[in-house]
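Participant: Build me a structure from this.
(one chain, ligands or ions: 2)
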Amino acid sequence: MTDQIVVAIDGPAGSGKSSVSKEVARKLGFGYLDTGAAYRALAWYALDENVDTADAEAIADAATVFPYAISLDPDLYWVRVGETDVTSAIREPRVAAAVSAVARVPAVRDSVNAAFRRLIGEATAPGVVVEGRDITTVVAPDAPVRLLLTAAPEVRAARRSAELTTEDAASVAAALHQRDASDARVADFLTAAEGVTVVDSTDLDFATTVDTVLEIVRTQTGEHHGD
Ligand SMILES: Nc1ncnc2c1ncn2[C@@H]1O[C@H](COP(=O)(O)OP(=O)(O)OP(=O)(O)O)[C@@H](O)[C@H]1O
Ligand SMILES: Nc1ccn([C@@H]2O[C@H](COP(=O)(O)O)[C@@H](O)[C@H]2O)c(=O)n1
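Facilitator: Residues are numbered from 1 along each chain as shown. Ligands and ions are numbered 1, 2, ... in the order given. Coordinates of the predicted model:
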């Protein structure tokens, strides 16, 4: 599709990328691509198959056979590995703890990036909201809308902690910050690249954050999808 609109959104863990992107996609009638889900699903697969996530070569090999599928429908979101629905399992803290090691393997990034570009190209919606860590810089640097969604570290930790009610808040915050530090060695999602607009949601509620992103999409594309 040639006139497809890509809205590229990057940001650190817990900044609201998934929830905000999904809602923006719904409101615009766009597809939604959660790129972190591919890395999480590969980490889940490695754990399930007893592949050592610290062994880059073994992980690169696993990535070549890993039967991954994802829905781009924001109203019907699922992630599968083979016949197994892993939509919830990939959010477990054990997967979050393993994912950075998997994501730092260059061969893995090359293969998932090719899959992302294929998925975006095959999407039938008028546009796709794509979120992750390197979407504005590597996956879709030419996207007409490129955003860095951020929030203060303590706010992101508190939001994530509110979701993981069985975990203690200090461990949730430590895990989130540790994952950011590890991920930041691979992609710079803490500073906006040239041409990327920053949305800081520290003092914005969810609805206002969504409206802010929608307004930027409308201003930067001149499109009024979903109005
Ligand atoms: N502006 C906001 N105000 C309040 N809560 C928010 C806001 N934005 C997102 N949230 C909430 O913060 C939590 C984290 O958001 P979300 O999972 O979308 O972040 P994320 O950036 O995708 O995280 P990760 O990278 O770890 O997957 C969710 O519970 C979400 O509903
Ligand atoms: N473009 C991306 C997206 C994600 N990652 C890695 O996947 C992990 C999970 O991502 P979430 O968005 O679901 O938190 C993330 O911690 C990164 O390790 C990536 O490298 N590039």
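Participant: mind checking pLDDT for the spatially most central residue of the chain?
Facilitator: Nearest to the geometric centre of the chain sits residue 132, at 3.2 Å (Cα atoms, centre = their mean). As predicted, residue 132 sits at a pLDDT of 98.
Participant: what's the residue nearest to it when sequence neighbours are not counted in contact with, if anything?
Facilitator: With sequence-adjacent residues excluded and distances taken as Cβ to Cβ, 6 or more residues apart in numbering, residue 132 is closest to residue 35, at 3.5 Å. Backbone N, C-alpha and C define where each C-beta goes, glycine included. Listed by Cβ atoms under 8 Å, 6 or more residues apart in numbering, the contact partners of residue 35 are 112, 116, 130, 131, 132, 133, 135, 139.
Participant: Swap in 10 Å and give it another go.
Facilitator: Neighbour list for residue 35: 9-10, 17, 70, 103, 112-113, 115-116, 119, 130-135, 139 [criterion: Cβ atoms under 10 Å, 6 or more residues apart in numbering].
Participant: can you tell me which of those residues are up against ligand 1?
Facilitator: residue 17 (Cβ under 6 Å from any ligand atom).
Participant: need the residues of this structure near ligand 2, please.
Facilitator: By the rule Cβ under 6 Å from any ligand atom, the part of the chain lying against ligand 2 is 13, 17, 35-36, 39-40, 99-100, 103, 132-135, 179, 183, 186-187.
Participant: Now the buried members of those residues.
Facilitator: 13, 17, 35-36, 39-40, 99-100, 103, 132-135, 179, 183, 187 (16 or more other Cβ atoms under 10 Å).
Participant: Quickly list what the residue lying closest to residue 191 once chain neighbours are set aside is bridged to.
Facilitator: Leaving aside its chain neighbours, residue 191 sits nearest to residue 148 (7.8 Å; criterion: Cβ to Cβ, 6+ apart). With DSSP bridges applied, residue 148 shows beta-bridge pairing to residue 10, residue 198.
Participant: Distance of residue 148 relative to residue 62?
Facilitator: Distance of residue 148 to residue 62, computed by Cβ to Cβ, to the nearest Å: 31 Å.
Participant: Which stretches in this structure count as strands?
Facilitator: For the chain, applying DSSP state E gives strands covering 5-10, 31-34, 68-70, 79-81, 84-85, 127-132, 145-150, 197-200.
Participant: quick one: strands adjacent to the shortest one?
Facilitator: Okay, so that is strand 84-85. Strand 84-85 has the following strand partners under DSSP bridges: strand 79-81 (antiparallel).
Participant: so how many other residues sit close to residue 54?
Facilitator: 10 (other Cβ atoms under 10 Å).
Participant: Hmm, it is touching residue 101, no?
Facilitator: Yes. Counting by Cβ atoms under 10 Å, residue 101 is a contact partner of residue 54 at 5.8 Å.
Participant: need the helices for this structure, in chain order.
Facilitator: 17-28, 36-48, 56-65, 93-103, 106-122, 153-163, 169-183, 206-221 (DSSP state H).
Participant: list the buried ones in the shortest one?
Facilitator: Right, helix 56-65. For helix 56-65, a neighbour-count test (16+ other Cβ under 10 Å) marks 56, 59, 60, 62, 63 as buried.
Participant: For that helix, name the packing helices and strands.
Facilitator: Counting by 3 or more Cβ pairs under 10 Å, 6 or more residues apart in numbering; DSSP states H and E, the packing neighbours recorded for helix 56-65 are helix 36-48, helix 93-103, helix 106-122.
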